[in-house]
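Visitor: Any chance you can model this:
(one chain, ligands or ions: 1)
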Amino acid sequence: MFRPPRAKICCIASVQEAALAVRCGASAVGLVSQMPSGPGPIEETLIAQIAATIPPAIGSFLLTSQQSVEQIVIQQRRCGVNTLQIVDRLEVGDYHDLRTALPGISLVQVIHVTGEESLVEACQIAERGVDALLLDSGNQSLAIKELGGTGRTHDWSISARIVAAVQIPVFLAGGLNEHNVAAAIHAVRPFGIDVCSGVRTLGKLDEVKLRAFVAAIAGSSPSTGRDADRT
Ligand SMILES: O=C(O)c1ccccc1N[C@@H]1O[C@H](COP(=O)(O)O)[C@@H](O)[C@H]1O
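Guide: Below is the predicted model:
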């Protein structure tokens with residue numbers, strides 16, 4: 001049975017934006033810590049303040065570019081979030097070390113979809129004990145890495161193959177907005193949808209765009225009769 005995916009609203013920059021996202025139907029919010037590039041980073045003190053206001057049933061995702069278990073653990077303890085979104089490859093330590101150090105904290109690993117090699121990487125990571133994957137459109141081989149927040153889509157046919165190949169939930173991100181999200185859902189069938197720039201105007205969370213985005217996700221269900229020709 002088709003169910004509309006969950007909505008994760010990223011790049012939250014204030015307690016007010018977090019409350020707005022939750023009011024509009026977000027099941028998770030994203031809080032971006034220090035990154036080499038991208039529009040979303042805020043100070044960790046602000047991340048901790050916002051995370052403390054998020055209702056327990058809502059995911060509070062800390063986006064981290066740290067690549068060692070030790071650094072990620074320290075960061076999670078400073079920020080008090082319930083989920084870690086690891087936007088670069090974990091180089092020092094493994095997910096099991098994170099679980100031992102941070103019981104009850106969910107682990108989401110980002111895969112930047114660049115080609116066929118991303119399918120192999122996603123399948124390998126899915127076997128290593130993460131709770132979910134998040135497919136985004138960054139480029140880790142640039143001199144200044146792009147680890148997300150690019151506003152670009154990627155090849156959804158590869159994302160669809162990843163969703164079909166792994167046994168864990170998969171979020172889809174990268175260049176999504178109210179106009180393309182239904183097509184993305186039908187192409188990929190993700191567990192969740194993640195968005196930053198597509199619901200913002202001049203950097204601020206835009207309630208009109210946000211409501212249209214959430215409505216487009218809900219309206220993507222064949223049971224509503226809309227988009228039924230794509231099911
Ligand atoms: O937003 C950022 O600045 C950022 C920087 C580094 C890693 C991740 C970042 N944001 C994440 O990127 C996705 C996709 O963004 P967009 O919708 O294409 O603008 C976003 O959902 C965040 O999870």
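Visitor: Quick check: closest non-adjacent residue to residue 207.
Guide: Nearest in space to residue 207, with sequence neighbours left out and distances taken as CB to CB, 6 or more residues apart in numbering, is residue 20 at 6.2 Å. Just so you know, the C-beta spots here come from the backbone N, C-alpha and C atoms, and that holds for glycine as well.
Visitor: Please read the previous query as pertaining to residue 50.
Guide: residue 18 (5.1 Å).
Visitor: what comes into contact with the helix or strand containing the one you found?
Guide: Using DSSP states H and E, residue 18 sits within helix 15-23. Contacting residues not belonging to helix 15-23 are listed as 9, 12, 29, 49-50, 53-55, 58, 204-205, 207, 210 [CB atoms under 8 Å, 6 or more residues apart in numbering].
Visitor: sorry, back to before: and the residue nearest to residue 207, how many neighbours does it have?
Guide: Residue 20: 19 surrounding residues under other CB atoms under 10 Å.
Visitor: quick one: the residue nearest to residue 50 from residue 65, how far?
Guide: To residue 65, residue 18 is 21 Å away according to CB to CB, to the nearest Å.
Visitor: Looking at these two, which has the bigger crowd around it?
Guide: Taking neighbours as other CB under 10 Å, residue 18 and residue 65 compare with residue 18 leading, 25 against 22.
Visitor: Tell me the confidence at the more buried one?
Guide: Residue 18 is assigned a pLDDT of 98 by the prediction.
Visitor: Kindly report the same for residue 125.
Guide: 98.
Visitor: ok, the residue lying closest to it once chain neighbours are set aside - contacts?
Guide: Spatial nearest neighbour of residue 125, excluding adjacent residues (CB to CB, 6+ apart): residue 109 at 5.2 Å. Applying CB under 8 Å, 6+ apart to residue 109 gives the contacts 86, 90, 95, 125, 130, 132, 133, 134.
Visitor: Also residue 65?
Guide: 33, 34, 35, 36, 87, 88, 145, 147.
Visitor: so how many other residues sit close to the residue nearest to the fifth one when sequence neighbours are not counted?
Guide: It stands for residue 87. Nearest residue to residue 87, sequence neighbours excluded (CB to CB, 6+ apart): residue 147, at 4.2 Å. By other CB under 10 Å, the residues close to residue 147 number 23.
Visitor: now residue 105
Guide: Counted with other CB under 10 Å, the neighbours of residue 105 add up to 18.
Visitor: separation between the residue nearest to residue 207 and residue 53?
Guide: Using CB to CB, residue 20 is found at 12 Å from residue 53.
Visitor: Residue numbers of the protein in contact with the ligand?
Guide: With the criterion set to CB under 6 Å from any ligand atom, the chain comes near the ligand through 10-11, 30, 32, 35, 38-41, 63, 87, 136, 147-151, 173-176, 194-198.
Visitor: From these, keep the buried residues only.
Guide: Among those, the ones that count as buried by 16 or more other CB atoms under 10 Å are 10-11, 30, 32, 35, 38-41, 63, 87, 136, 147-150, 173-176, 194-198.
Visitor: Quick check: bridge partners of the residue nearest the centre of the chain?
Guide: For the chain, the residue nearest the mean C-alpha position is residue 194 (4.6 Å; CA atoms, centre = their mean). With DSSP bridges as the criterion, residue 194 is bridged to residue 8.
Visitor: so what's it up against?
Guide: Going by CB under 8 Å, 6+ apart, residue 194 touches 8, 10, 30, 134, 136, 171, 172, 173, 176.
Visitor: Just the closest of the residues you listed to residue 160, please.
Guide: Using CB to CB, residue 172 is the member of the contacts of residue 194 that sits closest to residue 160, with 9.4 Å.
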